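*Asks:* I would like to see how this sequence folds:
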Amino acid sequence: MTNQRKILATTAVALVLGNAIIPGAAVADDAGAFLGGVLATKVLGNMKDRTQAEQEQAYYAQQSAQQQQYQQQQPVQQAAPAAPAQLTPEQRIQQLDKLAAGGYITPAEYKQKKQAILDSM
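*Replies:* Down below sits the predicted model:
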């Protein structure tokens, strides 16, 4: 049943109940209709509040689902990369050559490190 039909049905029931509550002469003054209108207004107000609350709840549920979906699409940041792969003795000697050529190590250090690399083979 749509909301409009619910509202119409509730209003009709409220008017009937309002007329049934006030017997006899009071009905002639439209007091029953007045009370039915008051009751209908209260019921309709409650229905409106409930509908609004349900719509808000659906909206926030949708927002939450969208945010979860967005977070799942984002790449997970990984910890620092693993230690670099072990260099071959040839690569280590090439690095050592570059350090020596750049003046970063002395000839004695170069000789000592190169011998250590060769001994580790």
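
*Asks:* Quick one: list the elements packing against the longest helix that the chain contains.
*Replies:* The helix of greatest length in the chain, counted in residues with DSSP state H as the criterion, is given as helix 31-73. With contacts defined as 3 or more C-beta pairs under 8 Å, 6 or more residues apart in numbering; DSSP states H and E, the packing partners of helix 31-73 are helix 3-21. (Glycine included, C-beta is placed from N, CA and C.)

*Asks:* State the distance from Ala58 to Gln66.
*Replies:* 13 Å (C-beta to C-beta, to the nearest Å).

*Asks:* And Leu99, by the same measure?
*Replies:* Using C-beta to C-beta, one gets 54 Å for the distance from Leu99 to Gln66.

*Asks:* Of those two, give the one with the bigger neighbour count.
*Replies:* Legend: neighbour count by other C-beta atoms under 10 Å for Leu99 and Gln66, higher for Leu99 (14 against 10).

*Asks:* so what's the more buried one up against?
*Replies:* Leu99 sits next to 105, 110 when contact means C-beta atoms under 8 Å, 6 or more residues apart in numbering.

*Asks:* element containing it, please.
*Replies:* Leu99 belongs to helix 89-101 when elements are defined using DSSP states H and E.

*Asks:* Export only the CA atoms of that helix, formatted as CSV.
*Replies:* Included here for helix 89-101 are C-alpha records, laid out as CSV according to Å, rounded to 0.1, in the frame of the first residue of the first chain:
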residue,chain,number,x,y,z
PRO,A,89,79.8,-10.8,-6.0
GLU,A,90,80.2,-9.2,-9.5
GLN,A,91,77.6,-6.6,-8.7
ARG,A,92,79.2,-5.9,-5.3
ILE,A,93,82.6,-5.4,-6.9
GLN,A,94,81.1,-3.1,-9.5
GLN,A,95,79.6,-1.0,-6.6
LEU,A,96,82.9,-1.0,-4.9
ASP,A,97,84.6,0.2,-8.1
LYS,A,98,82.2,3.1,-8.3
LEU,A,99,82.8,4.0,-4.6
ALA,A,100,86.6,4.0,-5.2
ALA,A,101,86.3,6.0,-8.5
